[in-house]
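Novice: Below are the sequence and a predicted model for it; my questions follow.
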Amino acid sequence: MLTEYIDSIERAAHIIRAGGLVAFPTETVFGIGADATNSDAVKRLFAAKGRPGNNPLIVHLDDAAHWSRAASDLSDVARVMLDCFSPGPLTVVLPKKETISELVTAGLETVGVRVPALPIAREILRSAAVPVAAPSANQSGRPSGTTWKAVAEDLDGRIDAIFTADSSSIGIESTVVDCSAGTPLVLRPGAITLEQLQKIVPQTRELQADEKSEMTASGRQVNSPGILHPHYQPRAKVMMVDLPQKELTGEQSKDAAYCGLDVFDGVESFPCIKVFDSIDDYAAGFYEFLREVDRQAIERVFVQTAPEHGIGFALRDRQRRACGG
């Protein structure tokens, strides 16, 4: 397959409407868009990513007012969350509309719905005029793509088009909150924190580690992507370090890389390093750094454990997954 490299919103929308696959930027990471009502297109999407069929997809809309294109019902809690945080990096899980392909939801009766904040993304969605399933634009298990060139590394020749704009300012996938029944449950952390959600819906709680472990062990389907399968892993071995100035000082290595917020004695001996100015910059640049490590064929990468406040909590989750769990 010949992949087009495009910068036309209408061309991107036309390809999606015609049953094709288009990688496009959002404020979180790039997504691969396919018409969520077209099972053939969705089947091609899973094949292009090499994605397991029991890993559901998030459906993207141009406006929260169009929720009924993807969902059959909108609870009061979900409406409040969308009013406060959409457009933005929030996905709410709702009862599925019948017209959404069962492949999108992995056979579940629920669907994740998101309205991206990036104007380019919303314009593509508005022009396509269909609900768009859009998982991260990468080979399954690899670090998500936050630039169109990173997307091309994984998907050139596998999808119909790549939109050549780089606008993934957050760099971490959306927060996913299950609002389909009972107490709102944060299934995946993201830039919208539990504390922010609890300010508007106090009963919101987070999926606990033991609950995740039980789901993983049982292979039970979950109402969110990114729970059961390996994610965000480069070819290099990833190791988290809490205090690099203590744990890595004096480390001399020609086959290792380092990224984090702090420097340490001997850091200059590492062939690939990235010291970020802030936790927001760390989150935005983390996946691209992992990809650069692989480009340089480096075998090991030390990543400073992210602080647990703000987006650091979500980044720490992605770091653990990059390490293998």
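Specialist: Nice, I can see it.
Novice: Look up how far residue 111 lies from residue 60.
Specialist: Plainly put, residue 60 is 11 Å away from residue 111 if you go by Cβ to Cβ, to the nearest Å. (Each C-beta comes from the backbone N, C-alpha and C, glycine too.)
Novice: And residue 68, by the same measure?
Specialist: Taking Cβ to Cβ, one finds residue 68 at 12 Å from residue 111.
Novice: Common neighbours of these two, please.
Specialist: residue 97 (Cβ atoms under 8 Å, 6 or more residues apart in numbering).
Novice: any idea which helix is longest in the protein?
Specialist: For the chain, the helix with the greatest residue count under DSSP state H is helix 279-295.
Novice: pLDDT on that one, on average?
Specialist: Here helix 279-295 scores 97 as its mean pLDDT.
Novice: what's the answer for stretch 236-245, then?
Specialist: pLDDT averaged over stretch 236-245 gives 95.
Novice: what residue ranges in the stretch 201-325 of the chain score low on pLDDT?
Specialist: Applying pLDDT under 70 to the stretch 201-325 of the chain flags residues 211-230, 252.
Novice: residue boundaries of the strands in the stretch 201-325 of the chain?
Specialist: Taking DSSP state E, counting those that start in this stretch to define them, one finds strands in the stretch 201-325 of the chain at 205-206, 237-241, 256-260, 272-275, 300-304.
Novice: the domain parsing of this structure - what is it?
Specialist: Following automatic domain parsing, one gets these domains for the chain: 4-218, 237-323.
Novice: distance between the shortest one and the chain's centre?
Specialist: Its chain's C-alpha centre and that of domain 237-323 lie 19 Å apart, by Cα atoms, centre = their mean, to the nearest Å.
Novice: Any idea how far apart the tips of that domain sit?
Specialist: Domain 237-323 has its terminal residues 7 Å apart, counting by Cα to Cα, to the nearest Å.
Novice: same thing with stretch 25-33?
Specialist: End-to-end distance (Cα to Cα), stretch 25-33: 10 Å.
Novice: for that stretch, the distance to its chain's centre please.
Specialist: That offset, for stretch 25-33, works out to 8 Å (Cα atoms, centre = their mean).
Novice: Give the buried residues for stretch 177-188.
Specialist: Using 16 or more other Cβ atoms under 10 Å as the test for burial, stretch 177-188 gives 177, 178, 179, 180, 184, 185, 186, 187, 188.
Novice: Now render the strands of the stretch 201-325 of the chain as CSV, adding mean neighbour count and distance to residue 286.
Specialist: Output for the strands of the stretch 201-325 of the chain, formatted as CSV (neighbours: other Cβ atoms under 10 Å; distance: least, Cβ to Cβ, whole Å):
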stretch, mean neighbour count, distance to residue 286
strand 205-206, 15, 21
strand 237-241, 17, 11
strand 256-260, 24, 7
strand 272-275, 16, 9
strand 300-304, 22, 8
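Novice: now those as TSV including distance to residue 325?
Specialist: Below are those laid out as TSV (distance: least, Cβ to Cβ, whole Å):
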stretch	distance to residue 325
strand 205-206	18
strand 237-241	11
strand 256-260	20
strand 272-275	24
strand 300-304	15
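Novice: For residue 137, find the nearest of these.
Specialist: Closest approach to residue 137 among these is made by strand 237-241 (20.9 Å; Cβ to Cβ).
Novice: Parallel or antiparallel, list what pairs with the closest one.
Specialist: Strand 237-241 has the following strand partners under DSSP bridges: strand 300-304 (parallel).
Novice: quick one: the strand it pairs with to helix 279-295, angle?
Specialist: Counting by axes from the mean of the first three to the mean of the last three Cα atoms, to 10 degrees, strand 300-304 lies at 180 degrees to helix 279-295.
Novice: what residues does strand 300-304 touch?
Specialist: When contacts are defined by Cβ under 8 Å, 6+ apart, strand 300-304 is touched by residues 234, 236-242, 244, 248, 253, 255-262, 272, 286, 289-290, 293, 319, 322.
Novice: quick revisit: what's the closest of the buried residues of stretch 177-188 to residue 145?
Specialist: The closest of the buried residues of stretch 177-188 to residue 145 turns out to be residue 188 (Cβ to Cβ; 17.9 Å).
Novice: about what we covered before: which of residue 68 and residue 111 has more neighbours?
Specialist: Taking neighbours as other Cβ atoms under 10 Å, residue 68 and residue 111 compare with residue 111 leading, 28 against 13.
Novice: Show me what the more buried one is bridged to.
Specialist: residue 94.
Novice: correct me, but it touches residue 92?
Specialist: No. Residue 111 is beyond contact range of residue 92, at 9.6 Å (criterion: Cβ atoms under 8 Å).
Novice: Nearest residue to the residue lying farthest from the centre of the chain in space, please, no chain neighbours.
Specialist: Taking Cα atoms, centre = their mean as the measure, the residue most remote from the mean C-alpha position of the chain is residue 250, 35.3 Å away. Excluding the flanking residues, the one nearest residue 250 by Cβ to Cβ, 6 or more residues apart in numbering is residue 266, at 5.4 Å.
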